[in-house]
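[1] following is a predicted model, sequence given first.
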Amino acid sequence: MNRYFSLILIFIVCHIAFENNSAAHDEEYKAVAPILSSAENFFMSLKDGEYDAAWDLLSDNSRKVIIGDVYDAGRKLNKDINREDIIMDFNGRGRMFTNYWNSFRRSFDTDMVLKHSEWEMGRIGDDEAEIIIRHKTSGEPTILRMRKEEESWKVGLTETFWQRRTLNLLHLIFQ
Amino acid sequence: MRNTIVVIAVLSLITFNIGVTPRAYSRDREIGAEEKVAEKIEAEEVAKELAAKARGTYVKGETAPALKGSEVALPIIDEETGSILGYVVAEKAMLVSVLNEAGLTEVANALAAMEAGAAAAGTVAAGISGGTITWIAIGTAAIAGLGLALGGSGGGGGGGGGGSTSNH
């Protein structure tokens, strides 16, 4: 009788442990899936030419920086260009918007990220998260920064990569 | 490659900006073959004029011409068929200046957007293939070095990691 009772007890304990573990995995999946999904959808939208969707998946800061870049480039060619015109164009998915992303898409192979890299979830916070991307030929990983804005996870494209531009200058200074 | 991008990405702009757009005519009547040819000739004449002002050339035909240095090739497109009639080939700054003078600032703005897009793509590609961690390390080391050189204490920071993982 004691043996049976012990077996039943062991079974109950194992079952509870399994359920808790499954629940923990479910929780982890619920936390991780939206972050990875947003990042993946961004690159896939770019690949498919769905610039509207890609733009919507960018963080606010990334969008502002990109508009700033277009403005800086535009000033060199057209001194009368206004930042507001660019904002309007991008908001309305106009010609500058389309030309920017067409050019981006033609210059960047999205398969670098989608097919030839391994993704791993890094740090997850309330409003920020990191995805570790390791390209097959890269010795160092890329830490893709994600931001939570209005309950959705957005890709911090410029937060992740644009610092390279600043650091290139530092590297030049300290060479 | 960048020049190729310029060629391809400005496809629609010249169509609407330098008179390839058909002259105003009644939509109720069909446009005859002679008129279509006339419109094409007009567009090409305008293109040749622009090319001349920009000290460039007009290259007839669909094949994108080879470019040198900072030349760009802007396609002239038949709006009706979408086919390329030819290209205005000129040094970028000159061509943009001529287009701006002609009031075609949209083309210059579009070129600027394309340049910014290409530059952004290059930055992202470099980041993916080179990683972002190494550059951060160089940056903080450089800043620390500056602090030491100025006699102050250097400082630096490192990135954090860890957390749950899942493979893509």
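    Looks like it arrived, so ask away.
[2] name the residue closest to the centre of chain A, please.
    Centroid-nearest residue in chain A: residue A:155, 3.3 Å away (criterion: Cα atoms, centre = their mean).
[3] so who does it touch?
    A:38, A:39, A:42, A:57, A:58, A:59, A:62, A:144, A:146 (Cβ atoms under 8 Å, 6 or more residues apart in numbering or on different chains). Just so you know, the C-beta spots here come from the backbone N, C-alpha and C atoms, and that holds for glycine as well.
[4] from residue A:27, how far off is it?
    Separation of residue A:155 from residue A:27 (Cβ to Cβ, to the nearest Å): 24 Å.
[5] hmm, back to that, in terms of helices and strands, where is the residue nearest to the centre of chain A?
    Using DSSP states H and E, residue A:155 falls within strand A:152-156.
[6] may I see the buried residues of that strand?
    In terms of neighbour count (16 or more other Cβ atoms under 10 Å in any protein chain shown), strand A:152-156 has its buried residues at A:153, A:154, A:155, A:156.
[7] with only the CA atoms kept, save it in PDB.
    Extracted as PDB, the C-alpha positions of strand A:152-156 are listed here (Å, rounded to 0.1, in the frame of the first residue of the first chain):
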ATOM      1  CA  SER A 152       4.400  46.600 -30.300                       C
ATOM      2  CA  TRP A 153       7.900  45.700 -30.800                       C
ATOM      3  CA  LYS A 154       9.800  47.800 -33.300                       C
ATOM      4  CA  VAL A 155      13.200  47.400 -34.900                       C
ATOM      5  CA  GLY A 156      15.800  49.900 -33.700                       C
END
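[8] is whichever helix or strand comes after it positioned near chain B?
    Scanning forward in sequence from strand A:152-156 by DSSP H and E, the next helix or strand is helix A:157-161. Yes - counting by Cβ under 8 Å from any Cβ of the partner chain, contacts between helix A:157-161 and chain B involve A:157, A:160, A:161.
[9] any idea which element the residue nearest to residue A:49 when sequence neighbours are not counted lies in?
    Leaving aside its sequence neighbours, residue A:49 sits nearest to residue A:105 (Cβ to Cβ, 6 or more residues apart in numbering or on different chains; 6.6 Å). Element membership for residue A:105, per DSSP H and E: helix A:95-107.
[10] list the helices and strands that helix packs on?
    Under the contact definition 3 or more Cβ pairs under 8 Å, 6 or more residues apart in numbering or on different chains; DSSP states H and E, helix A:95-107 sits against helix A:2-47, helix A:51-56, helix A:60-77, helix A:83-91, helix B:2-9, helix B:105-130.
[11] find out how far it is from the centre of the chain, if you would.
    On the basis of Cα atoms, centre = their mean, to the nearest Å, helix A:95-107 sits 19 Å off its chain's mean C-alpha point.
[12] again with stretch A:14-28
    Offset of stretch A:14-28 from its chain centre (Cα atoms, centre = their mean): 29 Å.
[13] flag every buried residue along it.
    Residues residue A:28 are the ones in stretch A:14-28 that count as buried (16+ other Cβ under 10 Å).
[14] likewise for stretch A:92-112?
    Within stretch A:92-112, the residues scored as buried using 16+ other Cβ under 10 Å are A:94-108, A:110, A:112.
[15] mean confidence (pLDDT) on that stretch, please.
    Per-residue pLDDT values across stretch A:92-112 average out to 93.
[16] got the CA coordinates for it in CSV?
    The C-alpha coordinates for stretch A:92-112 follow below in CSV (Å, rounded to 0.1, in the frame of the first residue of the first chain):
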residue,chain,number,x,y,z
GLY,A,92,2.4,59.7,-47.5
ARG,A,93,4.7,57.0,-48.9
GLY,A,94,5.7,59.4,-51.7
ARG,A,95,8.6,59.4,-54.2
MET,A,96,11.4,60.1,-51.8
PHE,A,97,10.1,57.3,-49.5
THR,A,98,9.9,54.8,-52.4
ASN,A,99,13.2,55.8,-53.9
TYR,A,100,14.9,55.5,-50.5
TRP,A,101,13.7,52.0,-49.9
ASN,A,102,14.2,50.9,-53.4
SER,A,103,17.8,51.9,-53.2
PHE,A,104,18.1,50.3,-49.8
ARG,A,105,16.7,47.1,-51.0
ARG,A,106,18.9,47.0,-54.0
SER,A,107,22.0,47.6,-52.0
PHE,A,108,21.3,45.3,-49.1
ASP,A,109,20.8,41.5,-49.4
THR,A,110,18.2,40.7,-46.8
ASP,A,111,19.1,37.0,-47.0
MET,A,112,22.3,38.0,-45.1
